[in-house]
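[1] Have a look; sequence and predicted model below, questions after that.
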Amino acid sequence: MCIVMCVNTISTARSGDLSKPPRVTRGIHVRRATPKRRRELQAAQVDAALEHRAIAHRTAAEVVHQIAGLPVSESVSTERGGHELLVEVVFAGVRSGRLTIGFSRGLTRQVGAAMAAMVDLDGHPLNPVEAAKDLTSALAHAVLGAIFGADARPRMQAPQATTPRQFGDQSSILGVADGHLSIDLHLDQSRL
């Protein structure tokens, strides 16, 4: 439901009577958006989601090829399940949400083998899960930078392995080596 507020002043409850909800002062006019305007807003949200999906797909293909050196194919499978590992990065800032990367069966080991020359902070070679987390972190920085611009740098938490789940229809699937990489960008809709 879309609500347009002409004036944004709400009187607070008196200090002696906190059980009553605050009341709207005079001069407040609340009206619903017209059906046409609601359709326009919904169409704009769908267009923005499709644009974000295309940007994520293109950026992820570049980053995976540059960092892991694995062949990336533009042909994508329609398979949505069968993830061996899900890694999630939660971000906040101008926009909040989470970016989840799903690695298909076998792809985690391929990423680990491709990134075996890289070391962690202690100087030990990365294991496949840590390599997948590092790749996810690089993907999150690149994808969010491409979508929101370099100026809107969101604060990101460390990538975390998460419980298996099905991705929605808005996820982007990228063919990588012998498997597929699923990218699911979920933006917090409460701040729109």
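    Cool, got the structure.
[2] Now that R155 has come up, it's in contact with G93, right?
    Yes. Using CB atoms under 8 Å, R155 is in contact with G93, at 5.6 Å. Yep, even glycine has a C-beta here, placed from its N, CA and C like the rest.
[3] C-terminal to the top helix by length along the chain, which secondary structure element comes first?
    Longest helix of the chain, by residue count under DSSP state H: helix 35-67. Where DSSP states H and E defines the elements, the next helix or strand beyond helix 35-67 is strand 72-73.
[4] Tell me the helices and strands packed up against that following strand.
    For strand 72-73, the elements it packs on are helix 35-67, strand 172-176, judged by 3 or more CB pairs under 8 Å, 6 or more residues apart in numbering; DSSP states H and E.
[5] Only alpha carbons, please: show the helix or strand following that strand as PDB.
    The helix or strand immediately downstream of strand 72-73 is strand 83-92, counting by DSSP H and E. Taking C-alpha atoms only, strand 83-92 is exported to PDB below (Å, rounded to 0.1, in the frame of the first residue of the first chain):
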ATOM      1  CA  HIS A  83      24.000 -26.200  -3.900                       C
ATOM      2  CA  GLU A  84      26.900 -27.700  -2.100                       C
ATOM      3  CA  LEU A  85      27.800 -24.500  -0.300                       C
ATOM      4  CA  LEU A  86      25.900 -21.200   0.300                       C
ATOM      5  CA  VAL A  87      27.900 -18.100   1.400                       C
ATOM      6  CA  GLU A  88      26.100 -15.000   2.500                       C
ATOM      7  CA  VAL A  89      27.300 -11.400   2.900                       C
ATOM      8  CA  VAL A  90      25.000  -9.000   4.800                       C
ATOM      9  CA  PHE A  91      25.400  -5.300   4.000                       C
ATOM     10  CA  ALA A  92      24.000  -2.100   5.300                       C
END
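[6] strand partners of strand 83-92, parallel vs antiparallel please.
    strand 97-104 (antiparallel), strand 155-156 (antiparallel), strand 160-162 (antiparallel) (DSSP bridges).
[7] And for A177, the neighbour number?
    Neighbour count for A177, taken as other CB atoms under 10 Å: 20.
[8] what pairs with the residue nearest to M156 when sequence neighbours are not counted across the strands?
    Among residues not flanking M156 along the chain, F91 sits closest, at 4.6 Å (CB to CB, 6 or more residues apart in numbering). F91 has these beta-bridge partners by DSSP bridges: G97, M156.
[9] Does F91 touch R98 like I think?
    Yes. Assessed by CB under 8 Å, F91 is found in contact with R98 at 7.0 Å.
[10] ok, the two, which is more surrounded?
    F91 (22 against 19).
[11] Kindly provide the distance from the more buried one to A142.
    13 Å (CB to CB, to the nearest Å).
[12] likewise F167?
    19 Å.
[13] Ok, V72 next?
    V72 is 14 Å from A142, where distance means CB to CB.
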